[in-house]
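[1] Quick one, fold the following:
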Amino acid sequence: MSLFCPNVNSYRRIRLESDAPINVHWGRDNRTCGLRVPDSGPESRRVENRVIGADSNPYIAMATTLACGLLGLEQAIDPEPVVEIDAHTLGVSLPSHLHDALMTLKACAELREMLGTRFVDAFIEVKLLELRLYNRVISSWEREYLLLNV
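    Reported below is the predicted structural model:
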């Protein structure tokens, strides 16, 4: 997930009140699903990964999407049944914070191997450093709402 949503603010859209997907269910022409198969003929059929954030690196996002698909094929993972309802009613299954997503990536040996351990380790270290720097800053919300209460 951190390869699709690489920044702290990437996770603000992963909430029930958003039009963004909050899980990785798939559906036919269902914009509430993380993976959408638009209505089309066989010659133009495709899968849209709607989990990818606008702030992601498109090359990393595409490589990760293809790697996940390949892992699914290699491991002969059957897709879950198609979701034909509003996928938001199925709940949030994506990480809600960058740190959680980075720890999930760190623990995923198959994806680390496919994308390259050196790359994944470097990506995680850079993002953890960015997260530490972000956490040092006192936000305007904290100044406004907490300053007089602490």
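[2] rest of the way, CA atoms for contacts and neighbours
    OK.
[3] Could you pull out the strands in this protein for me?
    Listed in chain order, the strands of the chain (DSSP state E) span 26-28, 35-37, 48-49.
[4] Give the other helices and strands that the last one contacts.
    Using 3 or more CA pairs under 8 Å, 6 or more residues apart in numbering; DSSP states H and E as the contact criterion, the secondary-structure elements in contact with strand 48-49 are strand 35-37.
[5] Which residues does the strand it packs on contact?
    Contacts to strand 35-37, defined as CA atoms under 8 Å, 6 or more residues apart in numbering, come from residues 24-30, 45-51.
[6] Likewise for stretch 101-120?
    Here stretch 101-120 makes contact (CA under 8 Å, 6+ apart) with M1, S2, A63, T64, A67, C68, L71, P95, D121, I124, K127.
[7] measure it end to end?
    13 Å (CA to CA, to the nearest Å).
[8] cool, and stretch 46-54?
    20 Å.
[9] What residues sit buried inside it?
    E48, N49, R50, V51, I52, G53 (16 or more other CA atoms under 10 Å).
[10] Out of the contacts of strand 35-37, which comes closest to D86?
    Nearest to D86 among the contacts of strand 35-37: N30, at 7.7 Å, using CA to CA.
[11] Not counting sequence-adjacent ones, nearest residue to the closest one?
    R36 (5.9 Å; CA to CA, 6 or more residues apart in numbering).
[12] the helices in the chain, which residues?
    All helices of the chain, identified by DSSP state H, fall at 58-74, 98-107, 109-115, 117-136, 140-146.
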